[in-house]
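Undergrad: build the 3D model from these lines:
(chains A, B, C and D)
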Number of protein chains: 2
Amino acid sequence: MGIDSQIVTDSNGRKTASQPCLEPCPIERGMRLLGGKWKGSILWHLKDGPVRFNDLVRQLGGASKKMVNQRLQEMEEAGLVKREVVCDRPIAVTYEITEFGKTALGFLEALKNWSEANSI
Amino acid sequence: MGIDSQIVTDSNGRKTASQPCLEPCPIERGMRLLGGKWKGSILWHLKDGPVRFNDLVRQLGGASKKMVNQRLQEMEEAGLVKREVVCDRPIAVTYEITEFGKTALGFLEALKNWSEANSI
DNA sequence: TCAACCAGTATACTTTTGGTAACCACTGAT
DNA sequence: ATCAGTGGTTACCAAAAGTATACTGGTTGA
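TA: As a prediction, this is how the structure comes out:
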């Protein structure tokens, strides 16, 4: 809804949108989950298996620990990734993509292909 | 490249990423074009034909004129939309999706479906 | 004449985001 | 003992993004 909005003119000549796109339409809502800086990349890097925190930071080359950590927390809350403490003595943590996270890979791939195909 | 990065440990035990994801990997670059607030929605609203500026603002319900204008300018520069002055006396302008812009609709639809399917 | 429309523009403001750097407590190798 | 590693946290700052309100200058219709 909202996505099929139309403009109507009432009897006084005032224009209004019949179905204004309510603040977060599906596209906006999706973007909120996956559109943040690094989020897409992070999820993509996890697609082949669990990755440790610092490895992830290195792979993203350019993102600070703080950024990666922040995004990972948001994505964990959203249920896209899962944090697991692998070992306690020398603390080791891995981040793994969840089943729900995997459902987003399809569209991330579409985005990736689109970018590459159009040399963006 | 960068997307298949691996962590290697050198002879001194120091770890480095063999192919660090260079600042803008395809996913990041794509997000830069389509990930901004409202951009996806705007493109989606144009998919069925040209829309006039104020109608677009009304349809997006929540975005300010300034925002919509800014995004439209960015998207015009990127070649995603085309601005056209339809009439001069009572000034009328329409925004239309370009052929290039249409190539992005596929993945926007994927995002929309994903959001709706997962009640995001 | 008045109000509403057109497509923006100007200004000022708040919020969010991103980034640096230092720090924590611990481990393992040199 | 010192350095580099583990996974973070914290404080601080700059820049970007977004919001709100009002305004331009002309046109249109009641």
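
Undergrad: find the centremost residue of chain A, please.
TA: Residue closest to the mean C-alpha point of chain A, counted by C-alpha atoms, centre = their mean, is A:Leu34 at 1.4 Å.

Undergrad: surely A:Thr103 and B:Trp114 touch.
TA: Yes - with contact defined as C-beta atoms under 8 Å, A:Thr103 reaches B:Trp114; the gap is 6.6 Å. Any C-beta I mention is one placed from the backbone N, CA and C, and that applies to glycine too.

Undergrad: which one's more surrounded, these two?
TA: The residue with more neighbours, out of A:Thr103 and B:Trp114, is B:Trp114; 20 against 13, by other C-beta atoms under 10 Å in any protein chain shown.

Undergrad: skipping adjacent residues, who's closest to A:Met75 in space?
TA: Closest residue to A:Met75 apart from its sequence neighbours, by C-beta to C-beta, 6 or more residues apart in numbering or on different chains: A:Val81 at 4.7 Å.

Undergrad: now do the helices in chain A.
TA: Using DSSP state H, the helices of chain A run over A:26-34, A:39-45, A:53-60, A:65-77, A:99-103, A:105-117.

Undergrad: adding mean pLDDT and distance to DNA strand C, write these out as a markdown table.
TA: Below are the helices of chain A laid out as a markdown table (pLDDT from 0 to 100; distance: least, C-beta to the nearest atom of the strand, whole Å):
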| stretch | mean pLDDT | distance to DNA strand C |
| --- | --- | --- |
| helix A:26-34 | 87 | 8 |
| helix A:39-45 | 92 | 9 |
| helix A:53-60 | 90 | 10 |
| helix A:65-77 | 92 | 4 |
| helix A:99-103 | 95 | 19 |
| helix A:105-117 | 91 | 16 |
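
Undergrad: what's the most buried one of these?
TA: Mean neighbour count (mean count of other C-beta atoms under 10 Å in any protein chain shown) peaks for helix A:39-45 among these, with a mean of 25.

Undergrad: return the per-residue confidence for A:Lys82.
TA: In this model, A:Lys82 is scored at 94, pLDDT.

Undergrad: tally of neighbours for it?
TA: When neighbours are counted by other C-beta under 10 Å, A:Lys82 registers 17.

Undergrad: partners of it in the sheet?
TA: When assigned by DSSP bridges, A:Lys82 has beta-bridge partners A:Glu96.

Undergrad: for DNA strand D, give me its nearest residue in chain A.
TA: Distance from DNA strand D to each residue of chain A (C-beta to the nearest atom of the strand) is smallest for A:Asn54, at 3.0 Å.

Undergrad: how close does the closest residue to A:Ile42 other than its chain neighbours get to chain B?
TA: Leaving aside its chain neighbours, A:Ile42 sits nearest to A:Arg71 (5.8 Å; criterion: C-beta to C-beta, 6+ apart). Distance, A:Arg71 to chain B, using C-beta to the nearest C-beta, to the nearest Å: 12 Å.

Undergrad: quick one, what contacts A:Arg71?
TA: When contacts are counted by C-beta atoms under 8 Å, 6 or more residues apart in numbering or on different chains, A:Arg71 touches A:Gly36, A:Lys37, A:Trp38, A:Lys39, A:Ile42.
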